[in-house]
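*Asks:* curious how this folds, go ahead:
(chains A and B)
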2 protein chains.
Amino acid sequence: MQLSVIKIGGNIIDDPEKLSVFLQNFTDIQGPKILVHGGGKVATEIGLKLGIEPRYVNGRRITDKQTLDLVTMVYGGLINKQIVAALQAHQCNAVGLTGADGNVLPAMKRPVIEIDYGYVGDVVNKDINHQFVAQLLNMGMTPVFAPLTHDTHGSMLNTNADTVAREIAIALSHSFQVQLIYCFEKKGVLSNPTDDDSVISAIKKEDFQKLCAEGTISGGMIPKLENALEAINGGVCKVIIGHANDIHQLINHSGGTVIC
Amino acid sequence: MQLSVIKIGGNIIDDPEKLSVFLQNFTDIQGPKILVHGGGKVATEIGLKLGIEPRYVNGRRITDKQTLDLVTMVYGGLINKQIVAALQAHQCNAVGLTGADGNVLPAMKRPVIEIDYGYVGDVVNKDINHQFVAQLLNMGMTPVFAPLTHDTHGSMLNTNADTVAREIAIALSHSFQVQLIYCFEKKGVLSNPTDDDSVISAIKKEDFQKLCAEGTISGGMIPKLENALEAINGGVCKVIIGHANDIHQLINHSGGTVIC
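*Replies:* Down below sits the predicted model:
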């Protein structure tokens, strides 16, 4: 049976009108589906009001204890429950989850090597409780994941939403034919970053190195595609990268960039 | 099959050490169980930092939009997920839920008669998705409820935790023999409010009016006992009121006040 795992990021979450349209479109997707959401500006805004200044080392956000509580509140509470309530209004029977709920995503606090990232979790794929997620799907429910995991010793952990989506997609490949859809602010991977219509329709595993070497893929697209390739290597059938507005085209493979 | 529905309030939630001891004791309770938690000072503290002043009319807190977002974050995110992560550390397979998740607690926004309470939800018992909660219990999981409901039109709503516990206990009486345990800061209902050891061991339905009339039950105990009696009328086998520290005695009926 086919399962769609769809990840949305800040560009949709920060815009109530776009989010509302997306959630209606998401509801209309047939068959079992999972939504993974990222953070958004709202966490930073609330953090600043609470006197929590974002701290970065080498361009990477550090999750200190205060920031962990902030993201637990905002990702796991505010954003997650607003999405769940909106989906319920569309008759989509959503269940909001973090990785602690049902022990779905046990994680290792990232070891300190050169940088102490703080309360950041690295998911151990073999430990994912995919059986519980599959049971929810088989009950006709739609899991909605906040990008949070836990260390199994009593602490929540912060985990990148692209990674959460990838790990869930891989783990659910035990029970479903999974397609993983990464929504972002572009229509797909562009061959010319200044031309929004230059979407590369398909990228094969073996093309990735070449596209990086020639500079077609660069910057933030590199980790996104690395995530996509890791998902494929882990058993996911197909990864599609595109714009949240085009979710139906992405699902039907008439838009975005397909990685397979 | 017996099910224990246990409600804890701010006096435990605000004290990390007491909460930790309680969650260990809670884990040790045999058989299916549900935890319902209230708020706590942390919501007010975070609210004040965010510039959200509590507003009261006739001594009742008003839930304006800002306050709704605050309690959604703090109850549904911070407190709920910290409890779930702690229970997971004790090998209790907890799943944190609000009333929007799985459409468990659809509610009506309280109609404005004399006072506009704002985003406050009154649960409609017949609409509770008790089947989903029963499925989770039958899967060996422990639902942990934040005191939040939803209006089925896209908005979360704030609901008193005692009420949430009562409504869940009543609805689960379809599938289980339910005992409802209200934990608070006293060892039980006291016959002499100045003597902590004057616990009334049992109150029968028919005694309630008399105890109120003679002033033995007064103040905040009245709504708590009204909740208890409503639970009994709704099909709950037994309601026990006592201190969270004594949870094992309460479960085993060797402490607290039993209402039946």
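
*Asks:* in the sheet, who's paired with A:I8?
*Replies:* Beta-bridge pairing for A:I8 (DSSP bridges): A:H37.

*Asks:* tell me if I'm right that it and A:L35 touch.
*Replies:* Yes: contact criterion C-beta atoms under 8 Å: A:I8 and A:L35 qualify, at 7.0 Å. Any C-beta I mention is one placed from the backbone N, CA and C, and that applies to glycine too.

*Asks:* quick one: contacts of the helix or strand hosting A:N11?
*Replies:* Assigned by DSSP states H and E, A:N11 belongs to helix A:10-13. Contacts of helix A:10-13 from elsewhere in the structure, counted by C-beta atoms under 8 Å, 6 or more residues apart in numbering or on different chains, are A:18-19, A:22, A:37-42, A:79, A:183-185, A:244.

*Asks:* and A:I168, which of the three is it?
*Replies:* Put simply, A:I168 is helix when judged by DSSP: H, G, I helix; E, B strand; the rest coil.

*Asks:* how about it, nearest residue that isn't a chain neighbour?
*Replies:* Nearest non-adjacent residue to A:I168, counting by C-beta to C-beta, 6 or more residues apart in numbering or on different chains: A:V5, 5.9 Å away.

*Asks:* average pLDDT across the helix holding A:N11?
*Replies:* Summarised as a single mean, pLDDT over helix A:10-13 is 91.

*Asks:* now that helix - C-alpha only, CSV.
*Replies:* Only the C-alpha atoms of helix A:10-13 are listed here, as CSV (Å, rounded to 0.1, in the frame of the first residue of the first chain):
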residue,chain,number,x,y,z
GLY,A,10,8.7,27.6,7.8
ASN,A,11,7.7,29.3,4.6
ILE,A,12,4.2,27.7,4.8
ILE,A,13,3.9,27.6,8.6
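
*Asks:* report the buried residues of the helix or strand following that helix.
*Replies:* Downstream of helix A:10-13, the next assigned helix or strand under DSSP H and E is helix A:16-28. Within helix A:16-28, the residues that count as buried by 16 or more other C-beta atoms under 10 Å in any protein chain shown are A:L19, A:F22, A:L23, A:N25, A:F26, A:T27.

*Asks:* what's the closest of these to chain B?
*Replies:* Distances from chain B to the buried residues of helix A:16-28, taken as C-beta to the nearest C-beta, are shortest for A:L23 (9.2 Å).

*Asks:* state the pLDDT value of the closest one.
*Replies:* 98.

*Asks:* can you check A:I222 too?
*Replies:* So, for A:I222, pLDDT stands at 89.

*Asks:* how about the residues of the stretch 151-260 of chain A by chain B?
*Replies:* Residues of the stretch 151-260 of chain A lying close to chain B (C-beta under 8 Å from any C-beta of the partner chain) are A:D151, A:T152, A:H153, A:G154, A:S155, A:M156.

*Asks:* of these - the most surrounded one?
*Replies:* Taking other C-beta atoms under 10 Å in any protein chain shown as the neighbour criterion, A:M156 ranks highest of these with 30 neighbours.

*Asks:* phi, psi for it please.
*Replies:* Taking degrees, to the nearest 10, you get phi -70, psi 160 for the backbone angles of A:M156.
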